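Enquirer: Sharing a model that was predicted from the sequence below.
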Amino acid sequence: MTKSDIPVMPKFFDRYINLADNDWLLLDALTQGASFENLIPAETLEKLGDLRYAPEKWTVKDILQHIIDTERIMSYRAMRIARNDKTPLPGFDEVMFGENANGINRTIPDLYEEYSLVRQSNIAMFKSFDHDMLLRSGTCSDQPISAIALGFVLVGHATHHVNVIKERYLPLL
């Protein structure tokens, strides 16, 4: 299924979903983004150390940890919706998560490995969803969203942050 199969484009999340190409199949898009190493070599990010492009901004380690945390949360939401759970799912405070994740004390290779493992797990989960499961909708952050939309959120969210790293952090080198 492609992005055009999303039954209702959810507000807020559309900014991530729209970063995926219209004709990408969800599983291909998830697989294509399964490794950060292919996008930005770990050695490049290691050179940045704990630099921030502005005060109060995250380090690249914090960003990678945020992507991993968000990947887990969005995939959990997708699983609940695909299983036809109609319980409204709350939002989360990414700033509070970031403050308590301890990403700065991790290594880039460790974060890359964890991301890859989480993404591989999510690919397996989305492979298990049939057409009807992908189109099921539920409520996340007080708005309707489908399982397939959440799959494309995973794709676009990681893409968004890779773009931020390339645009704002790599020039620091």
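Expert: Sure thing, it's come through.

Enquirer: show me what contacts Ala29?
Expert: By C-beta atoms under 8 Å, 6 or more residues apart in numbering, Ala29 lies in contact with 20-21, 152, 155. (C-beta placed from N, C-alpha, C; glycine too.)

Enquirer: What distance do you get for the residue nearest to the spatial centre of the chain to Ala54?
Expert: Against the mean C-alpha coordinate of the chain, by C-alpha atoms, centre = their mean, the closest residue is Leu154 at 3.6 Å. Leu154 sits at a distance of 27 Å from Ala54 (criterion: C-beta to C-beta, to the nearest Å).

Enquirer: So the residue nearest to the centre of the chain sits against Glu71, correct?
Expert: Yes. Leu154 is within contact range of Glu71, at 5.8 Å (criterion: C-beta atoms under 8 Å).

Enquirer: Need the overlap of contacts for the two.
Expert: The contact sets of Leu154 and Glu71 overlap at 119, 122 (C-beta under 8 Å, 6+ apart).

Enquirer: hmm, back to that, just the buried ones among the contacts of Ala29, please.
Expert: Among those, those classed as buried by 16 or more other C-beta atoms under 10 Å are 20, 152, 155.

Enquirer: All good on my end, thank you.
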